[in-house]
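Enquirer: build me a model:
(4 chains)
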Number of protein chains: 2
Amino acid sequence: MTAPTADDRSLPLRERKRLRTRRALTETALRLFTERGFDATTLDDLVDEAEVSRSTFFRNFPAKEAVAIEAEVELWTAYLHRLRDRKLSGPVLAELHRCLADAVTALDPGWDGRYLATRRLILTAPALLAYVDHYRTGVEDEAISCLATALRVDPDDLRLHVLARLTTTCWSVSGRDWVRRDGRGGRQALVTGLARAYRSVPESLALSATPR
Amino acid sequence: MTAPTADDRSLPLRERKRLRTRRALTETALRLFTERGFDATTLDDLVDEAEVSRSTFFRNFPAKEAVAIEAEVELWTAYLHRLRDRKLSGPVLAELHRCLADAVTALDPGWDGRYLATRRLILTAPALLAYVDHYRTGVEDEAISCLATALRVDPDDLRLHVLARLTTTCWSVSGRDWVRRDGRGGRQALVTGLARAYRSVPESLALSATPR
DNA sequence: CGGTTATGTGGGACTGAGTGTCAGATTGGA
DNA sequence: TCCAATCTGACACTCAGTCCCACATAACCG
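Expert: Numbers count the residues shown, from 1 in each chain, chains lettered A, B, ... in the order given. Got it, this is the predicted structure:
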């Protein structure tokens, strides 16, 4: 489950190079965007600093925004991966929770810092926020199709949509909280917060307004 | 609740003109995008056909995508409007449902056709889909802040996030279904489908996988 | 090992969205 | 009727993203 690193000798040379440039780009991007701002940093600045061509950039990332949210992508990729592999049994919401929590736990040690940087960046750049919103929708769709297959249910079944969105909602709220505390408590605190979020889901439907 | 039309004599002339150009732009846009495709239609094509300048376009819409999803905006604007005005009492999810259903019902008669055209367009243009995803997130955030104020609850309370997202989820599924049937059954069918969606929300949490 | 093929890279030209500015027109008010 | 506020059109500019082609380098095979 560990992501292949650029110096993994088992990979063909070409693949290793690709990973190296990818990593160079994400690192440089996070640094430049943080220092100068997302909008103020042009793609030319970035590829210049990372010493690759614009062509190469677009062969690795579909858009300027994409290189800034690698940490987000790593998380959801791991989540979907687990969801696909897992034999589901029992309440589905709990299964989704488990997949997400496991995914978070297994991410490489440097992820925390990268994710914090990414989230902070997003707070300053509307374009990034829009990009993440749409990206997560894609993740939800993937999750729905996984579930539909695994449970042998119509992909249009509302229940799947609700469950898939609940997962991103729980993440969104607990993740934001974690970032607000600057990641204090580390991975453990994040997982704990996530669990609390999932626990309070059932209360949501019961929420009632008392007219004053 | 009826949107002001371009020939409402009670409005100052300036405002009437503004509405007229807005309407010209949305109508032309929907037509051109449908005929030639969203990507294949340039902004110059559009403003040329609508007989306004590019400057005027960007004074009315923040992006090319925005002019294509006016029907979507009308819906959610009406929803949020009702949500703000309404005195909430009882189960909040039911209240949200009521706001949305009322909003749909009250929209002007031409809305059906415009919305169908918009949704079909979105199926063909990824950029539009991304734009709508992000737009709806904004609506959810607005709804959350409304609810937080009305219920005197922390805006970070997960329950509000869940409720706000459930609303867009229910809409998304029932709306897609309605569009797939080419809007057959009209507004009434849409509202009925929406009600069914809301009804099946509680079952979602209970959904359980039976290992085979 | 040497030669061939496939794949990746850099460079440059091009399109089109979105922004800023400014002079001129149009509206609202006195 | 005249003035001030506001809106419009036109133009120049930046930058993201696409396309294409010559060249290099890795992978494969005899």
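
Enquirer: show me the helices in chain A, by range?
Expert: With helices called from DSSP state H, chain A shows them at A:13-36, A:43-50, A:54-60, A:70-85, A:92-106, A:111-124, A:126-151, A:158-180, A:186-199, A:201-206.

Enquirer: same question for stretch A:136-144, mean pLDDT?
Expert: Regarding stretch A:136-144, the rounded mean pLDDT is 98.

Enquirer: swap in stretch A:43-59?
Expert: pLDDT averaged over stretch A:43-59 gives 97.

Enquirer: hmm, it in reach of DNA strand C?
Expert: Yes - counting by C-beta under 7 Å from any atom of the strand, DNA strand C is contacted by stretch A:43-59 at A:51-56, A:59. Just so you know, the C-beta spots here come from the backbone N, C-alpha and C atoms, and that holds for glycine as well.

Enquirer: got CSV for these, with distance to B:Val179 and neighbour count too?
Expert: CSV is the format used below for those (distance: C-beta to C-beta, whole Å; neighbours: other C-beta atoms under 10 Å in any protein chain shown):
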residue, distance to B:Val179, neighbour count
A:Glu51, 48, 11
A:Val52, 43, 18
A:Ser53, 43, 11
A:Arg54, 39, 12
A:Ser55, 39, 9
A:Thr56, 41, 16
A:Arg59, 36, 12
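
Enquirer: switch the helices of chain A over to JSON lines; also include distance to B:Val47.
Expert: Below are the helices of chain A laid out as JSON lines (distance: least, C-beta to C-beta, whole Å):
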{"stretch": "helix A:13-36", "distance to B:Val47": "33"}
{"stretch": "helix A:43-50", "distance to B:Val47": "28"}
{"stretch": "helix A:54-60", "distance to B:Val47": "29"}
{"stretch": "helix A:70-85", "distance to B:Val47": "36"}
{"stretch": "helix A:92-106", "distance to B:Val47": "46"}
{"stretch": "helix A:111-124", "distance to B:Val47": "32"}
{"stretch": "helix A:126-151", "distance to B:Val47": "24"}
{"stretch": "helix A:158-180", "distance to B:Val47": "37"}
{"stretch": "helix A:186-199", "distance to B:Val47": "46"}
{"stretch": "helix A:201-206", "distance to B:Val47": "45"}
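
Enquirer: out of those, which is the most enclosed?
Expert: Per-stretch averages of neighbours, counted by mean count of other C-beta atoms under 10 Å in any protein chain shown, single out helix A:158-180 among the helices of chain A, with a mean of 22.

Enquirer: show me where pLDDT drops low in chain A?
Expert: In the predicted model, chain A carries pLDDT under 70 at residues A:1-11, A:13, A:211-212.

Enquirer: walk me through the domains of it.
Expert: A:13-64, A:67-199 (automatic domain parsing).

Enquirer: B:Lys87: which of those domains is closest?
Expert: Among the domains of chain A, the nearest to B:Lys87 by C-beta to C-beta is domain A:67-199 (26.5 Å).

Enquirer: how far does that closest one sit from the chain's center?
Expert: For domain A:67-199, the distance from its own C-alpha centre to the chain's C-alpha centre is 6 Å (C-alpha atoms, centre = their mean, to the nearest Å).

Enquirer: how about it and DNA strand D, touching?
Expert: No - Domain A:67-199 is not in contact with DNA strand D by C-beta under 7 Å from any atom of the strand; minimum separation 8.4 Å.
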